[in-house]
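> Please work out how this folds:
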Amino acid sequence: MKIGSMMLQTGLFLVAVLAGAVSVVSGSVNCYTCSYTITGAPWISYECANNTDKVTTGSAQVPCHHTLQCVTKVVYNADLTEIRSVTRGCFVPDVYKCGVNCCDQSLHDVSCQYQCRSDGCNNKDVTKILKKTTGTGAASAIHPKWSLSVTFVLFSVIILSAM
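Next up is the predicted model:
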């Protein structure tokens with residue numbers, strides 16, 4: 001009886017191991033997928049930078065095959081006062097000189113890449129690294145060029161309404 005019981009336990013163990021191996025091979029996780037770029041209208045998809053749960057364009061999350069990673073790529077300006085672009089998704093990460101989950105700095109910008117492998121793990125708020133800029137409101141935090149434009153428009157509206 002002990003041999004039969006041991007064979008049953010061994011069989012169950014083998015089935016559990018094989019089932020785990022199959023789930024690892026065929027399994028996938030969900031990754032956030034979105035993008036933001038400063039060259040577009042900055043208020044349209046800024047959620048991709050700081051609030052991935054509020055992304056409304058396309059599918060907020062996609063299944064990511066086990067051979068790929070959930071990745072967040074961010075490009076900041078050199079003095080870390082604005083985000084130039086953010087890309088989140090499921091793909092093969094780029095090779096960075098600094099390694100994995102790090103930032104490379106050049107003369108003109110700071111490029112960062114973060115990779116992970118669990119459901120929704122690429123949701124890091126990439127605005128937290130930004131240095132504070134002068135002024136108030138979202139426009140000054142997004143891009144100085146937009147801040148000046150918003151100020152000009154508001155000033156024009158005030159002048160025109162006074163006439």
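
> only C-alpha atoms for contact and neighbour calcs from this point on.
Noted.

> Show me the shaky parts of the chain.
1-26, 40-45, 58, 133-163 (pLDDT under 70).

> What are the boundaries of the strands in it?
With strands called from DSSP state E, the chain shows them at 28-32, 34-37, 61-65, 69-77, 83-91, 102-105, 109-116.

> Can you say which of these is nearest to residue 48?
strand 34-37 (5.8 Å; Cα to Cα).

> can I get the strands of the chain in JSON lines with mean neighbour count and distance to residue 132?
Listed next are the strands of the chain as JSON lines, based on neighbours: other Cα atoms under 10 Å; distance: least, Cα to Cα, whole Å:
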{"stretch": "strand 28-32", "mean neighbour count": "23", "distance to residue 132": "27"}
{"stretch": "strand 34-37", "mean neighbour count": "21", "distance to residue 132": "20"}
{"stretch": "strand 61-65", "mean neighbour count": "18", "distance to residue 132": "30"}
{"stretch": "strand 69-77", "mean neighbour count": "24", "distance to residue 132": "13"}
{"stretch": "strand 83-91", "mean neighbour count": "22", "distance to residue 132": "12"}
{"stretch": "strand 102-105", "mean neighbour count": "15", "distance to residue 132": "19"}
{"stretch": "strand 109-116", "mean neighbour count": "20", "distance to residue 132": "16"}
